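>>> Dropping a prediction and its sequence here:
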Amino acid sequence: GESVGLHLPTLSVQEGDNSIINCAYSNSASDYFIWYKQESGKGPQFIIDIRSNMDKRQGQRVTVLLNKTVKHLSLQIAATQPGDSAVYFCAENPNTGNQFYFGTGTSLTVIP
Amino acid sequence: ETGVTQTPRHLVMGMTNKKSLKCEQHLGHNAMYWYKQSAKKPLELMFVYSLEERVENNSVPSRFSPECPNSSHLFLHLHTLQPEDSALYLCASSQGHRWSDTQYFGPGTRLTVL
């Protein structure tokens, strides 16, 4: 199966600081990537996606960067807020139907 | 209700019980999915339905039986489960079954098997 992993299982940041969550993937053929946020007691919530023909995509306070050379994906959250505390997953799709492969997640804790 | 809903939110059952999980999507999507989420493990895809037909079954034990009566509803029938089946069961839906179709998740059913 695919291997999608995160460099750090936990991350703590001060409120107002920027957060960076990293993800490594193994399949160079992967074409589509998604970041999900999962709060305690809830299902994963779509945050932002990026296609393999892009290096960067920005949303509201979030930016996803894709480095295909080293097969690395990152999620940047600007001005992190307490409501950003959650587990963040990356998911990749190697363009073989709609089967996504998920990482185990990084737990982000925002310190007030 | 909007998005993807799941009932019940919590379920405790014995190994000899039979129960069903229900998922409903209000997004007009054509594909629906069941995932299992265990602690500290990646999401595991169990079943995929596209236009009410099962398109993928990832080697799931037969004690889990899916049913998709229409494109808005998905069930997971459970019988003779084992304690290791305790997990969060997530339903998701997407517009289609293409690689570029984003999946949207429900809140999950927290299942405990005694």
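Good, I have the coordinates. The structure presented is a predicted model; accordingly, all values stated were derived computationally and were not measured.
>>> Write out the residues of chain B neighbouring chain A.
Where chain B comes near chain A, counting by Cβ under 8 Å from any Cβ of the partner chain, the residues are B:4, B:6, B:31, B:40-43, B:45, B:48, B:55-56, B:90, B:92, B:94, B:96-108. In short, each C-beta sits where N, CA and C put it, glycine included.
>>> Which of these fall within strands?
Using DSSP state E, the members of those that fall within strands are B:4, B:6, B:31, B:45, B:48, B:55, B:56, B:90, B:92, B:94, B:104, B:105.
>>> Return the item of those residues having minimum pLDDT.
Scanning those for pLDDT, the smallest score is found at residue B:56, 72.
>>> Tell me how far the closest residue to that residue other than its chain neighbours lies from residue B:74.
By the measure of Cβ to Cβ, 6 or more residues apart in numbering or on different chains, the closest residue to residue B:56 outside its immediate chain neighbours is residue B:48, 3.9 Å from it. Residue B:48 sits 10 Å away from residue B:74, taking Cβ to Cβ, to the nearest Å as the criterion.
>>> ok, now which ones touch the residue nearest the centre of chain B?
When Cα atoms, centre = their mean is applied to chain B, the residue found nearest the centroid is residue B:34 (2.9 Å). Residue B:34 makes contact with B:23, B:45, B:46, B:47, B:64, B:66, B:74, B:76, B:89, B:90, B:91 under the criterion Cβ atoms under 8 Å, 6 or more residues apart in numbering or on different chains.
>>> still on that earlier bit, check the ones in strands among the residues of chain B next to chain A and tell me the two furthest apart.
Using Cβ to Cβ, the two most remote members of those are B:6 and B:55, lying 20.8 Å apart.
>>> So between the two, which is more surrounded?
A side-by-side neighbour count of residue B:6 and residue B:55, using other Cβ atoms under 10 Å in any protein chain shown, places residue B:6 first with 21 against 14.
>>> Fine by me, we can end here.
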